[in-house]
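Q: Here is my input; please provide its structure:
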Amino acid sequence: MGLFEMNGGVTDEPIFDLTSPLYDEITIHVDKMYSDGKPFVIKTINNSEENIYIQSATLNGIPLTVPKLKFKEVVKGGAIYYGKQTK
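A: Numbering: from 1, shown residues only. Just a heads-up that it's a prediction; the model follows:
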């Protein structure tokens, strides 16, 4: 999926390290018990076996400056894009 948690999810505020996803698009359906129930989408652009390094990523349209993502951002719902979006 492109998300890897190094501490087993036992910290007060878990953080995912970003890695290259194997899939072009993944939708995580978050249980309404944990948030508003909005889905979180992970989408890769130009995904291939040769294109394995993260060149850029955006979370809800905002560029990420470090390859990390807070768990609380995932459960809020939204989208992360690996690669440059074209409109």
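
Q: Validate this expectation: Asp31 resides in a helix.
A: No: counting by DSSP: H, G, I helix; E, B strand; the rest coil, Asp31 falls outside a helix, being coil.

Q: got the contact list for Asp24?
A: Lys43, Thr44, Asn47 (CB atoms under 8 Å, 6 or more residues apart in numbering). Heads up, the C-betas are built off the backbone N, CA and C, glycines and all.

Q: Least confident secondary structure element in this protein?
A: Least confident element among the helices and strands of the chain, by mean pLDDT, DSSP states H and E: strand 3-5 (a mean of 80).

Q: Check which residues of that one are buried.
A: Leu3 (16 or more other CB atoms under 10 Å).

Q: What pairs with whichever helix or strand comes after that strand, parallel or antiparallel?
A: Heading C-terminal from strand 3-5, the first helix or strand you meet, by DSSP states H and E, is strand 15-18. Partners of strand 15-18 in the sheet, by DSSP bridges, are strand 3-5 (antiparallel), strand 68-70 (antiparallel).

Q: quick one: which of these is nearest Ile15?
A: strand 68-70 (5.3 Å; CB to CB).
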